[in-house]
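predicted model follows, preceded by the sequence.
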Amino acid sequence: MSRRTLLHRATVQEGLGKASLPRHSVLIDGDRIEAVMPDDLAPVHAPDVDVLDLAGRTVMPGMTLGHTHIAYLNVLDGREMLFKHSIPEVTLAAAENTTNLLGLGYTGFVGAGSVAGIDMALRRAVDSGRLLGPRITPCSRDLMVSGPPERRNPEVKKRIPTDLMRLADTPEEMAEYVAGEIAQGAEIVKVFSSGDDTFPNGRSHELLFTAKELVIAARTAHEHGARVRAHSRGLAGIRNAIAAGVDVIDHATYADDAALDAIAERGIFVVPSLYQPHMLLTTGGDHGKTPEYLETLEFEAEVANTLRILPLMVELGIPVVAGDDFGFAWTPHGTYAKELELYVTMAGIPAPTVLTWATANGARLAGRGDEAGTVQPGRLADLVVTDGDPAEDISVLSRPGAIELVLLGGATVAGSTSPYLSRVTAGAA
């Protein structure tokens, strides 16, 4: 007889944007959730059920990190992304980051630019059982151009090894590289409709890809069964990305109301950027960024508009997903939950809503929206047990030791079930 598992006497945060349910239990059969029920209806005495007495701890869906550069290692600038460490070094560190995600409650991640194709290698390693890690939606290498259309420079392309990053300054190269990345295992392709104030080749308000190039990238990706995410900070770049039919807009920091309406109408995912620019502005000096350099950035304006548009995106029903350029020195890997906290404390978004950005919406972005991301019957048992209710206090997720247990498809991948089993045994005795 196969065994089932009951997470008993829990508080259940379903991932549906609502308050958590006290005094509920979750029944798991194999890799799926069989039922969610009030405690007094739970099959505590069923002979085929192992009972884990959680004594009020919260069960929530595993989170999905929607934008991460798993192989960035506390880098300071664009050059360090590619050249600070050797490929073997970043590969080993990326593998460590991947495994560590589980202990932080993340049962999935969606790549946002893969140095040397490491995302795809990690996916194969996890799927084959050689590496313990979450469910991975691998991203392509950054598909970049040498500069805005009026400043394309073939010398730049010569300085960037193709295996690290693809620079495509012609439509033919664009189509070739997109198809090539997908052939290597990428499920989402990273393009750049605008620059970034921290980039050497284009500022936030400047276009990088032309509108035509974005169309070619999106069309080629879709023809090969993959999706496209566009780094889009400036408004013109956001508009071009929408028109090109991208699936994900990263940052969207200068979006206006008309752009938000178009994003909502098309159901485009938005992965906003508040934590990364905020941390650069407030702690950049600790990492060698001079006041003069920080003053050259327009990140204060970007933060201000992000704070303006976040509530509007909620009102419009835009599928927002959390994840904000982790891997920089001021946003190191492992601090992912701090971003969620900032959306509550700085932007005033209710904690249950923010949790959906990391759970239900994250699963949708990863392509698992119908089978993960919520605590509901029939869903994958990708679950997290926390000592505290993050819907009441979202800082629980970044509190050391508060994430006690992580299940991936019903199997324990972080923490231990022993404390809960021993509690039941002692009670029965």
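Structure's in. What do you need?

return the distance of the most centrally placed residue in the chain relative to residue 113.
For the chain, the residue sitting closest to the mean C-alpha position, by Cα atoms, centre = their mean, is residue 66 at 1.7 Å. The spacing between residue 66 and residue 113, counted by Cβ to Cβ, to the nearest Å, is 13 Å. Any C-beta I mention is one placed from the backbone N, CA and C, and that applies to glycine too.

following the helix or strand hosting the residue nearest to the centre of the chain, which helix or strand shows up next?
Using DSSP states H and E, residue 66 falls within strand 63-68. Helices and strands here follow DSSP H and E; after strand 63-68, the next one along the chain is helix 78-83.

same question for the strand holding residue 66, mean pLDDT?
Throughout strand 63-68, pLDDT has a mean value of 96.

which residues does it contact?
Defining contact as Cβ atoms under 8 Å, 6 or more residues apart in numbering, one finds that strand 63-68 is touched by 101, 105-112, 134-135, 250, 269, 271, 321-327, 333, 336, 357-359, 361-363, 365-366, 372-373, 384.

I'd assumed residue 332 was in contact with residue 279.
No - the pair residue 279 / residue 332 is not scored as a contact, 9.7 Å apart, by Cβ atoms under 8 Å.

between the two, which is the more surrounded one?
The neighbour comparison of residue 279 against residue 332 (other Cβ atoms under 10 Å) goes to residue 279, with 23 against 16.

that one should be in a helix, yeah?
Yes - under DSSP: H, G, I helix; E, B strand; the rest coil, residue 279 falls within a helix.

please renumber the chain so that the first residue is 12 from this point on.
In the new numbering, first residue 12, that becomes residue 290.

relative to residue 186, how far out is the closest residue to residue 201 other than its chain neighbours?
Nearest residue to residue 201, sequence neighbours excluded (Cβ to Cβ, 6 or more residues apart in numbering): residue 124, at 4.5 Å. From residue 124 over to residue 186 the distance is 19 Å, taken as Cβ to Cβ.

tell me where the stretch 162-311 of the chain has strands.
Taking DSSP state E, counting those that start in this stretch, the strands of the stretch 162-311 of the chain run over residues 177-178, 199-203, 238-243, 259-262, 280-283.

mean pLDDT lowest where, among the ones you listed?
Set side by side, these give their lowest mean pLDDT on strand 177-178, at a mean of 87.

what's it in contact with?
So strand 177-178 is in contact with 151-157, 167-168, 171, 184, 188, 192, going by Cβ under 8 Å, 6+ apart.

strands paired with it, and their directions?
Take DSSP bridges as the rule and strand 177-178 pairs in its sheet with strand 150-155 (parallel).

list the buried residues of the partner strand.
Within strand 150-155, the residues scored as buried using 16 or more other Cβ atoms under 10 Å are 150-155.

assess the claim that residue 379 and residue 118 are in contact.
No - using Cβ under 8 Å, residue 379 is not in contact with residue 118; the gap is 9.9 Å.

shared neighbours, those two?
Taking Cβ under 8 Å, 6+ apart as the criterion, residue 379 and residue 118 both touch residue 146.

can you tell me which residues contact the residue lying closest to residue 74 once chain neighbours are set aside?
Of all residues not flanking residue 74 in the chain, residue 369 sits nearest, at 4.1 Å (Cβ to Cβ, 6+ apart). Counting by Cβ under 8 Å, 6+ apart, residue 369 touches 74-77, 332-333, 351.

residue 379 and residue 118: who's more crowded?
Legend: neighbour count by other Cβ under 10 Å for residue 379 and residue 118, higher for residue 118 (32 against 19).

thought the more buried one was touching residue 109?
No - with contact defined as Cβ under 8 Å, residue 118 does not count as touching residue 109 (11.8 Å).

need the overlap of contacts for the two.
Common contact partners of residue 118 and residue 109 (Cβ under 8 Å, 6+ apart): residue 145.

now do the contacts for the nearest residue to residue 399 once chain neighbours are set aside.
Counting by Cβ to Cβ, 6+ apart, residue 407 is the residue found nearest to residue 399 once chain neighbours are left out, at 3.8 Å. Shown in contact with residue 407 (Cβ under 8 Å, 6+ apart): 69, 397-401, 413.

for burial, what's the neighbour tally of the closest residue to residue 327 other than its chain neighbours?
Counting by Cβ to Cβ, 6+ apart, the nearest residue to residue 327 once its immediate chain neighbours are dropped is residue 275, at 4.0 Å. Look at residue 275: counted by other Cβ under 10 Å, it has 17 neighbours.

what about residue 275, distance to residue 222?
Distance from residue 275 to residue 222, by Cβ to Cβ: 21 Å.

with residue 389 instead?
Between residue 389 and residue 222 the distance, using Cβ to Cβ, works out to 42 Å.

same drill for the two, tell me which one is more crowded.
When residue 389 and residue 222 are compared on other Cβ under 10 Å, the one with more neighbours turns out to be residue 222, at 16 against 11.

residue 383 - that's part of a strand, no?
No - applying three-state DSSP, one finds residue 383 to be coil, outside a strand.
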